[in-house]
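Visitor: pasting the structure only:
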Ligand code: BGC
């Protein structure tokens, strides 16, 4: 429907009707206005499968929804490092939505994994904003290409479950821009989501639903968002304030109190009716975008989409360790599958994303009984060791050529609604691994978990396969990788630390009462571990393949550039093995000798490519200003430091393969704000400042014998030139009055004026 028609329609609605459209009819549907033929449309979770419920459903995942296909959760999809994988998921979900008459799918969930403790990390994509934003962008574009809306969530800084409805995330401007907003930015600008879901929490003192700064200034005015904002379920605080701030739809609906507040506010003059009209226009635009593009011919079958779920899981599984090439297994080996998850995999997380799966495929259900035997080994409903179960498993392991241990985290360990307290696996599962390692050398561990765990047993096992919460077809996908029918190609989109104490937000995560201070700043995930040179269990970006790849011929199009120019970087990647495989090419940028507190390196581009055995492909990336920039609070904008930057290809955030150094100069200089308290170091770091200061000091020396003596006395036997320079670095200009005889305040002020020009 054209904007004119929408406007006309809104002009024909009564004040009460308009206010009523700003909240849902019930848990999942918008309101209809029969008189005007305005339809009611359904929204539904999301993000990795349909959770279509009846009108009186719930949003906590406790009541049943229709039978649906559970695809791999966000933690897994992001590990594919593949936009095509996210696209396939998006298209498949959109078809299901068309067939089920769902207008908007509530996802993707794209909050940054600030700490591995967040209970909802299994749904979130990454600790890195580029990976998060790019995977989400591909998903959103794919869903919307089939005329179904998305609702990327939860905007913003909702990185813990503890007191998520009232907690106040205290985040400084630069961290917000470089990490938390950056996760949404590229997705919003490039994929134009139909809606956005604001989070429950406050940000720097303001509930997100009331944050004009985020919902209107950043989202709409800066990034060009043109859909509508809906609240998370029950996240509405002050209805009138929210409407003014740019939050259009309150969900769930059913209670008309807030609609009446809108009516009263317009009548009392507190709310300009034009604000309400605009909100209704935005909501109706999206409702009709769906209604008018409904495709009733689209159908799907659960079984076909189950095959898609398997394909997605195969792209996402990460081979973390594979000593002596123990994997892939061979059908001629005597293999023991040990652990309950071989028979009953943990494949999804708890809460609003919980899917009523139409079938679940376990690794055991697709196994060849002739070569594979099974023992449960533990019961995942408890942490207590079941001696009998464990003994049976150990016996079976001892009698086999290889033991494949299916372990991970039980449902109760991670869910929406609460955070984890530690990174440990249940005691009985750890004990089982230890017991099996005592009788069997050939051990493969298959992990089913939604976020990073500690692995105290890592040195005693030969292989580890991280299958995450891989969706309902995870068993088939796992088997295909174990036996080499599929070559693993996933990479970790989050760091696996050695221990909880090493994590960046260890001291402050969760906060105190309702305040959560993000004191680690921009040092989230590998940005922290790399900068501290802290050993980790498995780094961000890590993942093995059955193929081997060789990188050569790195080229950069320019060694010196201005920040308005782009630089293109290429590299040849060869599959040096005799099987086809996929490689994830990762490009990192590191500022050299920055004067600011910046991460040692940041991922600035990535791609996943398929290479036949022996094949070589050239991969090319283009970097622009943003790849080198940081958020400068003095100008509230991105800025590039005049520096050398190292550009490197890496197998992970830790493992650099090759690099080149280029110099980038900013086009725009920062406004100068020198005063008498500016330090000599600051001034000397500014090209122009250095010239002015040296000239000024030169003339002081020339006209003043005493001053010259002081200057000569600078570096001497007691203090070498380096020490002198280090001390001068932090010395404020005004101190020259105290230590350099003959210097006058007026001449210093003249110097400051010259510096500021
Ligand atoms: C969750 C959202 C979800 C909504 C509806 C909320 O509790 O935070 O992610 O979309 O419920 O189920």
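Guide: That came through fine. Please read these numbers as outputs of a predicted model, since none were measured by experiment.

Visitor: And the next helix or strand past the helix or strand harbouring residue 398?
Guide: Element membership of residue 398, judged by DSSP states H and E, is helix 387-399. Going down the chain from helix 387-399, the next helix or strand is strand 402-408, by DSSP H and E.

Visitor: what does that following strand contact?
Guide: Identification of contacts with strand 402-408 by CB atoms under 8 Å, 6 or more residues apart in numbering yields 326, 329, 333-342, 345-346, 363, 377-378, 396-397, 425, 429, 432-433, 436, 440, 442-449, 453, 461, 482. Using the backbone N, CA and C atoms, a C-beta is placed for each residue, glycine as well.

Visitor: quick revisit: show the average pLDDT along the helix holding residue 398.
Guide: Here helix 387-399 scores 98 as its mean pLDDT.

Visitor: same question, stretch 477-494
Guide: pLDDT averaged over stretch 477-494 gives 98.

Visitor: Show me which positions of it end up buried.
Guide: 477-483, 486-494 (16 or more other CB atoms under 10 Å).

Visitor: Who is the closest residue to residue 28 other than its chain neighbours paired with across the strands?
Guide: Closest residue to residue 28 apart from its sequence neighbours, by CB to CB, 6 or more residues apart in numbering: residue 42 at 5.3 Å. Judged by DSSP bridges, the bridge partners of residue 42 are residue 29.

Visitor: do you know how far the residue in the stretch 301-450 of the chain positioned nearest to the ligand is from residue 44?
Guide: Distances between the stretch 301-450 of the chain and the ligand by CB to the nearest ligand atom are smallest at residue 352, namely 3.4 Å. Residue 352 is 10 Å from residue 44, where distance means CB to CB, to the nearest Å.

Visitor: Equivalent analysis for residue 629, please.
Guide: With CB to CB as the criterion, residue 629 and residue 44 are 38 Å apart.

Visitor: circling back: quick one: buried residues of the helix holding residue 398?
Guide: For helix 387-399, by 16+ other CB under 10 Å, it's 389, 390, 393, 394, 396, 397.

Visitor: could you give the angle of that helix to strand 402-408?
Guide: Relative orientation of helix 387-399 versus strand 402-408 (axes from the mean of the first three to the mean of the last three CA atoms, to 10 degrees): 140 degrees.

Visitor: other SSEs contacting helix 387-399?
Guide: Applying 3 or more CB pairs under 8 Å, 6 or more residues apart in numbering; DSSP states H and E, we find helix 387-399 packed against strand 335-338, strand 372-375, helix 427-437.

Visitor: from the chain's centre, how far out does that helix sit?
Guide: 40 Å (CA atoms, centre = their mean, to the nearest Å).

Visitor: quick one: it to helix 427-437, angle?
Guide: 30 degrees.

Visitor: neighbours around the residue in the stretch 651-757 of the chain that the ligand sits nearest to, how many?
Guide: The ligand sits closest to residue 653 of the stretch 651-757 of the chain, with a gap of 28.7 Å, by CB to the nearest ligand atom. Neighbours of residue 653 under the rule other CB atoms under 10 Å: 27.

Visitor: burial count for the residue nearest to it when sequence neighbours are not counted?
Guide: Closest residue in space to residue 653, ignoring its immediate chain neighbours: residue 526 at 3.8 Å, by CB to CB, 6+ apart. Residue 526 has 27 neighbouring residues, counting by other CB under 10 Å.

Visitor: give me every residue that touches the residue in the stretch 451-600 of the chain that the ligand sits nearest to.
Guide: Here the residue of the stretch 451-600 of the chain nearest the ligand is residue 469; by CB to the nearest ligand atom that distance is 15.7 Å. Neighbouring residues of residue 469 by CB under 8 Å, 6+ apart: 72, 73, 75, 76, 122, 346, 347, 348, 349, 448, 449, 450.

Visitor: ok, for it, nearest residue in space, not its chain neighbours?
Guide: Distances taken as CB to CB, 6+ apart place residue 73 nearest to residue 469, at 4.2 Å, with adjacent residues excluded.

Visitor: Equivalent analysis for residue 473, please.
Guide: residue 310 (3.5 Å).

Visitor: Can you spell out which helices and strands pack onto the longest strand belonging to the chain?
Guide: Determined from DSSP state E, the single longest strand within the chain is strand 581-592. The contact analysis (3+ CB pairs under 8 Å, 6+ apart) places strand 581-592 against strand 567-575, strand 602-611, strand 616-623, strand 643-650.

Visitor: at 7 Å what do you get?
Guide: strand 567-575, strand 602-611, strand 643-650 (3 or more CB pairs under 7 Å, 6 or more residues apart in numbering; DSSP states H and E).

Visitor: who does the shortest one pair up with?
Guide: To tie it back to what came earlier, the one meant is strand 643-650. Using DSSP bridges, the strands paired with strand 643-650 are strand 581-592 (antiparallel), strand 656-665 (antiparallel).

Visitor: Just the buried positions in the longest one, please.
Guide: Looking back up the chat, that one is strand 581-592. Those would be 581, 582, 583, 584, 585, 586, 587, 588, 589, 590, 591, for strand 581-592 by 16+ other CB under 10 Å.

Visitor: Could you do stretch 439-459 as well?
Guide: Those would be 439-440, 442-455, 457-458, for stretch 439-459 by 16+ other CB under 10 Å.

Visitor: before we move on, what about stretch 666-683?
Guide: Neighbour-count burial for stretch 666-683 [16+ other CB under 10 Å]: 666, 674, 678, 679, 680, 682, 683.

Visitor: go on, stretch 252-271?
Guide: 252, 253, 258, 259, 261, 262, 263, 265, 266, 271.

Visitor: Stretch 500-511 now?
Guide: Taking 16+ other CB under 10 Å as the criterion, stretch 500-511 shows 500, 502, 503, 504, 505, 508, 509, 510, 511 as buried.

Visitor: can those go into CSV with extra columns for distance to the ligand?
Guide: Shown next, in CSV, are the buried residues of stretch 500-511 (distance: CB to the nearest ligand atom, whole Å):
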residue, distance to the ligand
500, 25
502, 29
503, 23
504, 24
505, 21
508, 23
509, 19
510, 17
511, 19
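
Visitor: Turn the residues you listed into TSV, columns for pLDDT and secondary structure.
Guide: Shown next, in TSV, are the buried residues of stretch 500-511 (pLDDT from 0 to 100; DSSP: H, G, I helix; E, B strand; the rest coil):
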residue	pLDDT	secondary structure
500	98	helix
502	98	helix
503	98	coil
504	98	coil
505	98	coil
508	97	coil
509	97	coil
510	97	coil
511	97	coil
